[in-house]
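[1] please work out how this folds:
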Amino acid sequence: MSRDTISFDVDDRGVATVTVDRPEQLNALTVETLEAIEDALDEAADRDARALVIAGAGDEAFVAGADISYMVEMSTPEAQAYAELGHRVADAIESFPAPTVAAVDGYAFGGGCELALACDLRVAAESAVLGQTEIDLGIIPGWGGTQRLPPLVGDEVARRLIFLGERIDAAEAAEVGFVGEVVADEDFDDRIDELTGELAAKPATALRAAKEALNAAGDGAAATGHALERRAWAGLFGTHDQREGMRAFLEKREPEFE
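    Okay, here's the model as predicted:
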């Protein structure tokens with residue numbers, strides 16, 4: 001895996017962090033960067049990460065979008081390949097076996113928003129600015145933004161954001177449902193650490209089942225989602241974590257999950 005455009009680590013809690021590390025370019029996404037993220041996600045899954053953070057280096061940007069200098073001269077086949085790569089990375093984040101958190105600190109535009117949308121949870125610093133800004137480049141969101149944004153913010157808001165390329169601050173993003181939490185800039189890193197610690201302490205098998213069921217509900221096939229949820233719920237009975245969690249509740253103590 002290239003370490004030139006990202007950094008990656010897994011801490012002693014099992015929290016993996018993938019940081020896009022191109023601060024001078026506002027962490028814009030190149031092919032190399034996307035492929036490095038994809039490799040890091042595979043490694044994090046192989047190492048049984050209990051939570052995953054997607055972040056951006058520096059103080060200005062989470063991810064300011066795809067690399068426009070790379071895109072400007074692309075042919076249609078090249079654009080198709082780039083879109084497929086971006087979708088593959090976003091899908092890998094969405095289907096990652098543990099909860100994923102977008103640590104949105106600074107600008108999150110275009111493809112950066114789409115990476116955040118693929119995460120399970122989005123936490124924004126007060127100074128963050130978000131937007132699906134592709135329309136002003138003569139294009140549209142190409143890495144899943146048109147599909148993932150409407151369920152979060154509603155159809156009308158999604159259309160306004162995409163049609164107009166509006167940029168909204170963190171407070172408005174929280175108001176419309178784009179992000180789940182806004183944190184003061186000076187408290188941001190501590191809050192990400194606290195939230196991921198809470199996630200990492202939960203039973204990993206149950207979290208994975210919950211995520212699979214939630215993702216199935218989101219694909220529009222309600223009957224399939226409900227059936228999967230039932231199977232997943234029942235399948236957790238008999239596991240160590242199910243037994244330990246329920247026994248600890250009855251015994252009024254903290255559980256010790258695997």
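
[2] just for the chain, where's the confidence low?
    1-2, 218-226, 228-229, 233 (pLDDT under 70).

[3] what about the longest helix in it?
    As assigned by DSSP state H, the longest helix anywhere in the chain is helix 76-94.

[4] how about residues contacting the helix or strand immediately after it in the chain?
    The C-terminal neighbour of helix 76-94 among helices and strands, as given by DSSP states H and E, is strand 100-104. By C-beta atoms under 8 Å, 6 or more residues apart in numbering, the residues outside strand 100-104 that reach it are 51-56, 62, 93-94, 108, 115-116, 118-125, 128, 130, 170, 179, 188, 192, 195-196, 199. For the C-beta atoms, the positions are set from N, CA and C on the backbone; glycine is no exception.

[5] change it to 7 Å
    With C-beta atoms under 7 Å, 6 or more residues apart in numbering as the test, strand 100-104 has contacts from 51-55, 62, 93, 115-116, 119-125, 128, 130, 179, 192, 195-196.

[6] among these, name the ones in helices.
    Ile93, Leu115, Ala116, Ile192, Leu195, Thr196.

[7] need the max-distance pair from these.
    Comparing all pairs in the ones in helices among the contacts of strand 100-104 by C-beta to C-beta, the longest separation belongs to Leu115 and Leu195, at 17.7 Å.

[8] quick one, which of these two is more surrounded?
    Under the criterion of other C-beta atoms under 10 Å, the comparison of Leu115 against Leu195 puts Leu115 first, with 29 against 21.

[9] what packs against the longest helix of the chain?
    In terms of contacts (3 or more C-beta pairs under 7 Å, 6 or more residues apart in numbering; DSSP states H and E), helix 76-94 is packed against helix 31-46, helix 111-118.

[10] quick one, the shortest one and helix 31-46 angle?
    To tie it back to what came earlier, the one meant is helix 111-118. 20 degrees (axes from the mean of the first three to the mean of the last three C-alpha atoms, to 10 degrees).

[11] which residues touch helix 111-118?
    29, 54, 62-66, 86, 90, 93-94, 102, 104, 108, 122, 130-132, 141, 143-145, 148-149.

[12] which of the residues you listed are buried, as a ChimeraX select command?
    Burial among the contacts of helix 111-118 is assessed by 16 or more other C-beta atoms under 10 Å; the matching ChimeraX selection reads:
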select :29,54,62,63,64,65,66,86,90,93,94,102,104,108,122,130,131,132,141,143,144,145,148,149
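
[13] surely Met19 is in a strand?
    For residue 19 the amino acid is Thr, not Met. Yes. Looking at Thr19 with DSSP: H, G, I helix; E, B strand; the rest coil, it is inside a strand.

[14] that one and Asp9 touch, don't they?
    No. Counting by C-beta atoms under 7 Å, Thr19 does not reach Asp9; the two are 8.6 Å apart.

[15] more neighbours: which of the two?
    Counted by other C-beta under 10 Å, Thr19 and Asp9 do not tie: Thr19 has more neighbours, with 20 against 11.

[16] list the contacts for the more buried one?
    Taking C-beta under 7 Å, 6+ apart, one finds Ile6, Ser7, Ala55, Gly56, Ala57 in contact with Thr19.

[17] which one of those residues sits in the busiest neighbourhood?
    Gly56 (27 neighbours).
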